[in-house]
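Q: Model the following, please.
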Amino acid sequence: MLEQGSYCYLFAKTPMLRKYGFHLVLSGDLYKKCDQKTGKTFEVLGLQLPVIDTPSLKVVFEDHRTYASPEAVGVKESLWRSLEEDMIPALSTIKSNWLDLQPKLLPKKHKESNVCVAGDATSLTNENGNNDRFRNIASSGECSSDASSFIVSEVDISLGGGETLLALPKVEGFIRHLPKTVYAGDLRSLDLVLKNPSAISVKNMKMKISHPRFLILGNQEVMDLEFPACLEKKTNSACSDAQAKTNYASDTVFQFPEDALIHGETPFVWPLWIRAATHGNISMYITVYYEMGDTSTVMNYRTLRIHYNLEVLPSLDVSFQISPCSLRLGEFLVRMDVVNRTSSKNFQIHQLSSVGNEWEISLLQPIDTIFPSELLLAGQALSCFFKLKNSRKSVLIDDENSSTAPLEGSDVSLSHRSHDLLFDICRSPLVDFHHSERVHQGMENQEKSNTVDFILISRQQRSEGDSEEHNSLNILSHHACACRQDCTF
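A: Have a look, this model is predicted:
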């Protein structure tokens, strides 16, 4: 007890060294007397103190850069900077950090300091030489240990007034319903959820996504629509509104509406579309830029960095071969080969579409003859033929009466059920993801004459292990761009 009491004096906010030494001596004297009376000796085990590995010492804090998850913290800073360069305000000269933007508002001794915001978490992580790890949470004064062999009872950290900023808005965000594993071509509707617990609102919000081939923002009008019913082709629909662009400030930066204010407990929700363009392990990076509603703050903007990993498994391999028809000029024979690359999943082939108004595709045989079974089973391969007709001349005649001809495309239903509606390929997001595929394949600026793009849409069969929600909302799209005659794609 005396020994423990001595440490209380030592670790007091104002250390009492004399009382510490006095009580420690008394405890030693008591141990000595105990040994003389009982005639026993006591073996004291040596405590293995950790060997501090100084290079591994890492302080994680948030200034104008905030993170949605620990995974986002581990991403290289150079990657985040390259993603954010089109959003962060341009500087007249090169600055080392954001503090240089306000040199007159901070004391001289703090201009080169790393600054934390009051209320934001700051962590200190270190690895010691004997393989024990521990982590100190500096913002709250608490300490936790990842290894039970090393325990620290108290951490006392204080920050001077010149090193902290008053509490500022900090937007938190995540993608709702984002799966960890999908199949190639999988197209889904998701939600981006943003929250700002602070009473101070934020404004001028922008967003940038690293992989628009996989993830794009939708129009807010689709929030109240059911997916995938919102993509179904209606007889009275027009393509003019289907290709309405979302509000992009540039080719890559999305600008949220000016009236989009985030503060308080109400979350801000915006629709997203995800399509697994190819198989593999995909890392997606998202940055949300926002400015403070209170212009008197030293830090006038912050960024939220979001990172997700997505595993994409192989699904269907689709290829096309086009040959000219020997009997009729302007008509072609299209052979489509489809292979199910999965080991356990079955797919229903729903429709095949040709993109643009220059081509018209149709069946050569009844659907029951082409697809004897409604499903393409795991590991199964299928070949089928279609007739492709060049309708470019009729389009040019129609264009004389219209300044812009809609790229409606031509569709063939491959479903055995007559009540299944076709999906509209000139609606977002199908038209947007197809554009991304053309950009990815280097076809963006190529002439479309004498070439044709195809989109094959399939659906995954329901299985006992999948949830009802997963099966009812699941479609897959496969895109082939700039297919030419006598070539395989």
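Q: show me what contacts the nearest residue to residue 180 once chain neighbours are set aside?
A: Taking C-beta to C-beta, 6 or more residues apart in numbering as the measure, residue 180 lies nearest to residue 311, with 6.3 Å between them; neighbours along the chain are not counted. Every residue, glycine included, has its C-beta placed from N, CA and C. With contact set as C-beta atoms under 8 Å, 6 or more residues apart in numbering, residue 311 has these partners: 180, 181, 182, 281, 282.
Q: And the strands in the stretch 301-450 of the chain?
A: In the stretch 301-450 of the chain, the segments counted as strands under DSSP state E, counting those that start in this stretch are 301-313, 316-324, 331-340, 347-355, 359-363, 375-376, 381-390, 410-413.
Q: Which other helices and strands does the fifth one contact?
A: Meaning strand 359-363. The contact analysis (3 or more C-beta pairs under 8 Å, 6 or more residues apart in numbering; DSSP states H and E) places strand 359-363 against strand 347-355, strand 381-390, strand 410-413.
Q: Looking at the contacts of residue 311, state which has the most neighbours.
A: Counting neighbours by other C-beta atoms under 10 Å, residue 182 leads the contacts of residue 311 with 24 neighbours.
Q: you'd agree that one is in a strand?
A: Yes - when the secondary structure is assigned by DSSP: H, G, I helix; E, B strand; the rest coil, residue 182 falls within a strand.
Q: That one contacts residue 308, doesn't it?
A: No - counting by C-beta atoms under 8 Å, residue 182 does not reach residue 308; the two are 11.9 Å apart.
Q: Can you pull the phi/psi pair for residue 457?
A: The phi and psi values for residue 457, taken as degrees, to the nearest 10, are phi -110, psi 130.
Q: who touches it in this structure?
A: Remark: with contacts taken as C-beta under 8 Å, 6+ apart, residue 457 is in contact with 350, 351, 352, 353, 423, 475, 476, 477, 478.
Q: Let's see that with 6 Å instead.
A: With contacts defined as C-beta atoms under 6 Å, 6 or more residues apart in numbering, residue 457 is in contact with 350, 351, 423, 477.
Q: Just put the residues you listed in TSV and tack on neighbour count.
A: Listed next are the contacts of residue 457 as TSV, based on neighbours: other C-beta atoms under 10 Å:
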residue	neighbour count
350	20
351	20
423	22
477	25
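Q: quick one: which of those is nearest residue 204?
A: residue 477 (34.2 Å; C-beta to C-beta).
Q: those strands in the stretch 1-150 of the chain, which residues are they?
A: If you assign secondary structure with DSSP E, counting those that start in this stretch, the strands in the stretch 1-150 of the chain sit at 58-60, 65-67, 116-117, 123-127, 133-137, 142-145.
Q: same check, this time on the stretch 151-300 of the chain
A: Taking DSSP E, counting those that start in this stretch as the criterion, the stretch 151-300 of the chain carries its strands at 164-165, 172-176, 181-183, 186-196, 202-209, 215-217, 253-255, 264-275, 280-292.
Q: Highest mean neighbour count out of those strands?
A: Counting by mean count of other C-beta atoms under 10 Å, strand 215-217 has the highest mean neighbour count of these, with a mean of 23.
Q: and it, what does it pack onto?
A: Helices and strands touching strand 215-217, as assessed by 3 or more C-beta pairs under 6 Å, 6 or more residues apart in numbering; DSSP states H and E, comprise strand 264-275.
Q: relative orientation of the strand it packs on and strand 172-176 in degrees?
A: 40 degrees (axes from the mean of the first three to the mean of the last three C-alpha atoms, to 10 degrees).
Q: In the sheet, which strands lie alongside strand 264-275, parallel or antiparallel?
A: Strand pairing for strand 264-275, using DSSP bridges, gives strand 186-196 (antiparallel), strand 215-217 (antiparallel).
Q: who wins for proximity to residue 69 among those strands?
A: With distances scored as C-beta to C-beta, the stretch of the strands paired with strand 264-275 nearest to residue 69 is strand 186-196 (13.5 Å).
Q: follow-up on the earlier one: of all the helices and strands packed on strand 359-363, which one comes closest to residue 364?
A: Ranking the helices and strands packed on strand 359-363 by proximity to residue 364 (C-beta to C-beta) places strand 381-390 first, at 5.1 Å.
Q: other SSEs contacting that closest one?
A: Using 3+ C-beta pairs under 6 Å, 6+ apart as the contact criterion, the secondary-structure elements in contact with strand 381-390 are strand 331-340, strand 359-363.
Q: Other residues contacting the shortest one?
A: Applying C-beta under 6 Å, 6+ apart, the external contacts of strand 359-363 come out as 354, 386, 387, 388, 389, 391, 410, 412, 452.
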